[in-house]
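Asks: Here's my sequence, what's the structure:
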Amino acid sequence: MMNTAAVKSLLAAVTLEQVMGVYSGRAGKCYCGCSGNHRYASAHLAAATKDRGYEIAKEEVNDRQVKKVLKIVQENFTYDHETCREGMQPFHIQEEVGKGFVTHFTVEMDERSYTIYLLPKN
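Replies: Below you'll find the predicted structure:
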C-alpha cells in the first residue's frame with residue numbers, strides 16, 4: 001500500500017497530457033453513464049477507444065471538461081492510508097510483474113464523484 005505523501009506526489013505530478021479521460025457523476029452510483037458523463041481528451045482518442053473497447057462518440061470528446069476535472073481532482077484529493085479501507089482507496093494501482101502504476105484518481109465532493117483516467121502504460 002502506498003503512503004499518503006507518495007500518492008499525493010504522484011497526483012500533483014499528473015499533467016493534462018497524461019489524462020486520457022474523466023468521469024463526473026453522482027457519488028455512490030455506478031460509472032456506466034446513467035448517473036454521470038465520461039469525457040475524453042481529443043489527443044488520446046485512439047488510446048481511449050482501445051481501452052474502452054469501442055468507438056468514442058464525438059459528443060464524448062471535451063478537452064475543457066478533461067482539464068476542469070483534472071483541476072478538481074488535484075485540488076480536492078484526500079487520502080489517508082491509515083484509515084482507508086482496503087478496496088476503497090480513491091486511486092487504483094494496476095499491478096504488473098515486479099511493478100505497478102496508477103490508472104486513476106477519484107474525488108467525491110458535494111454529492112458528486114470526479115475521476116481522472118490516466119493513459120495506460122504500454
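Asks: Break down this protein into its helices, ranges please.
Replies: 4-13, 45-52, 63-76 (DSSP state H).
Asks: Those helices into JSON lines, with extra columns for mean pLDDT and distance to residue 24?
Replies: For the C-beta atoms, the positions are set from N, CA and C on the backbone; glycine is no exception. As requested, these are exported to JSON lines (pLDDT from 0 to 100; distance: least, Cβ to Cβ, whole Å):
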{"stretch": "helix 4-13", "mean pLDDT": "82", "distance to residue 24": "17"}
{"stretch": "helix 45-52", "mean pLDDT": "93", "distance to residue 24": "16"}
{"stretch": "helix 63-76", "mean pLDDT": "95", "distance to residue 24": "6"}
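Asks: Between those, which one is closest to residue 117.
Replies: Comparison of the helices of the chain against residue 117 by Cβ to Cβ identifies helix 45-52 as nearest, at 7.8 Å.
Asks: can you pull the buried residues of that closest one?
Replies: For helix 45-52, burial by neighbour count (16 or more other Cβ atoms under 10 Å) applies to 45, 47-48, 51.
Asks: ok, so of the residues you listed, who is nearest residue 15?
Replies: Nearest to residue 15 among these, counting by Cβ to Cβ, is residue 47 at 15.3 Å.
Asks: unless I'm mixing things up, that closest one is touching residue 117, no?
Replies: No. The pair residue 47 / residue 117 is not scored as a contact, 9.9 Å apart, by Cβ atoms under 8 Å.
Asks: what residues are shared contacts of the two?
Replies: Common neighbours of residue 47 and residue 117, using Cβ atoms under 8 Å, 6 or more residues apart in numbering, are residue 20.
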